[in-house]
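Engineer: Could you work out the structure for the sequence below:
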Amino acid sequence: MSHATCVTAEDLLKRGQARHAKGEYDAAIADFDQSIRLNPTAQAYAGRGFARAAKNDFRNAIADYDEALRINPYEAATYYNRGNAKAALGDMAGAILDYGEAILRNPMDADSYVNRGNAKFSRGNVDGALEDYTLALGINSRSVKALVNRANARRRKNDLAGARADYDAALEIDSNQSASFFKRALVRTDMGDLEGAIRDCDSAIRLGLKRGPVYFHRGCARLSKGDIDGAIADFTEVIKLYPTDPDAYINRAIARTEKGDSKAALADYEQAITLNPRRAETWYNRGLLYQKASRWMQAINDFGEAIRLKPDFVPAYYNRGLAKNRAGAAPGAMADLAKALELAPHDWEHRTEVQELLQGLRKKFAK
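Structural biologist: Purely as a prediction, here's the structure:
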């Protein structure tokens, strides 16, 4: 006669852990539920909390971790996991405390330092974050997470050389980090290495990071390097991804202006203004195009709108004054040029030119 096999709480605990490892979170939770009913151990509560966290059920995960720690307050991993759940809910102060408890119980766990550093960084404590990332690297010098996050913190502190060194080290360990290539591109740009920034954007895109910011940044770098066609292509990719992003239209208009394609540039400025009519610089840039085409009244109108949005916009007063002068409106031209002189810094590059032009207009108008 055969006998039914008795499933113990330990059996259910192990099966729940195995199911969690396979990504079968609901089944794992069901096993932990039964294990807890039979024998409410810290392991079972911690296991169920871990599975709930995997399903983004962080509040119930925290409740399970609380119960696990009530039963066994010495388990570093439970504090660490509860810290992760609190961080996911935005409770960075609580997360920092839990990571601290985990470190007290297991001071050689680099990940606890990294995650505490991340929580500190989120709260604006960049120096504290740097200290934790450095401690993590003292434990594991090849921790890519620690290197990348320390690079991010160093960049925030404007330590560009330090940030570049950390991104270099992280990419030397793992060259498949598309986000790190892009972040290094930003640092290289800040350091004036535009060619290196373009190469890093190329790598990020090749690895699958085909996102607007990457194309936009590469487009700006290409524009600065004189690769006008490449810049236009990149800004066009941004527009495909984000058709309501006015910055992409503005920058493509600038590139098209450089190429001499004024008609297409005007179309881009028109779209940018439609998307965001409150940016003075867009009106100003379109005014410059109209001015270049001797379309004086349209230029005057655009410079005027730029001034309405930004009343201290010296270049707009200056160029509206020039346009009014060319349109035969000397009194308005003199008023605008005088306002530009009033608002401009003492070392303004056009000061002598404007003073001489004003002097000539006043003599002519006085007659």
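
Engineer: Every contact and neighbour count from this point should use C-alpha atoms.
Structural biologist: Noted.

Engineer: what about residue 141, is that helix, strand or coil?
Structural biologist: State at residue 141, reduced to three classes by DSSP: H, G, I helix; E, B strand; the rest coil: coil.

Engineer: now do residue 40
Structural biologist: Quick answer, by three-state DSSP: residue 40 is coil.

Engineer: From residue 25, how far out is it?
Structural biologist: 19 Å (CA to CA, to the nearest Å).

Engineer: Of the two, which one has the most company?
Structural biologist: Neighbours per residue (other CA atoms under 10 Å) separate residue 40 from residue 25, with residue 25 holding more: 22 against 17.

Engineer: avg pLDDT for stretch 42-54?
Structural biologist: Mean per-residue pLDDT for stretch 42-54: 98.

Engineer: and for it, what are the contacting residues?
Structural biologist: By CA atoms under 8 Å, 6 or more residues apart in numbering, the residues outside stretch 42-54 that reach it are 13, 16-17, 20, 25-26, 28-29, 32-33, 35-36, 58, 60-65, 67-69, 71-72, 78, 81, 85.

Engineer: Give me the buried entries from those.
Structural biologist: The neighbour-count test (16 or more other CA atoms under 10 Å) marks 13, 16-17, 20, 25-26, 28-29, 32-33, 35-36, 58, 60-62, 64-65, 67-69, 78, 81, 85 as buried among these.

Engineer: Now, those residues that are in helices?
Structural biologist: 13, 16-17, 20, 25-26, 28-29, 32-33, 35-36, 58, 60-62, 64-65, 67-69, 78, 81, 85 (DSSP state H).

Engineer: wait, what's in contact with residue 167?
Structural biologist: Counted by CA under 8 Å, 6+ apart, residue 167 has contacts 147-148, 151, 180-181, 184.

Engineer: one more time with 10 Å, if that's ok
Structural biologist: Counting by CA atoms under 10 Å, 6 or more residues apart in numbering, residue 167 makes contact with 144, 147-152, 173, 177, 180-181, 183-185, 187.

Engineer: Helices of the stretch 151-300 of the chain, start to end?
Structural biologist: With DSSP state H, counting those that start in this stretch as the definition, the stretch 151-300 of the chain shows helices at residue ranges 160-173, 178-190, 194-206, 212-224, 228-241, 246-259, 262-275, 280-292, 296-309.

Engineer: Mean pLDDT and distance to residue 364 for those helices - can I get that in a markdown table?
Structural biologist: Output for the helices of the stretch 151-300 of the chain, formatted as a markdown table (pLDDT from 0 to 100; distance: least, CA to CA, whole Å):
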| stretch | mean pLDDT | distance to residue 364 |
| --- | --- | --- |
| helix 160-173 | 98 | 55 |
| helix 178-190 | 97 | 49 |
| helix 194-206 | 98 | 49 |
| helix 212-224 | 98 | 42 |
| helix 228-241 | 98 | 43 |
| helix 246-259 | 97 | 35 |
| helix 262-275 | 97 | 34 |
| helix 280-292 | 97 | 23 |
| helix 296-309 | 98 | 21 |
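
Engineer: Distance to residue 129 added to those, as a markdown table?
Structural biologist: As requested, the helices of the stretch 151-300 of the chain are exported to a markdown table (distance: least, CA to CA, whole Å):
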| stretch | distance to residue 129 |
| --- | --- |
| helix 160-173 | 14 |
| helix 178-190 | 18 |
| helix 194-206 | 26 |
| helix 212-224 | 26 |
| helix 228-241 | 33 |
| helix 246-259 | 33 |
| helix 262-275 | 39 |
| helix 280-292 | 38 |
| helix 296-309 | 40 |
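
Engineer: This completes my enquiry, with thanks.
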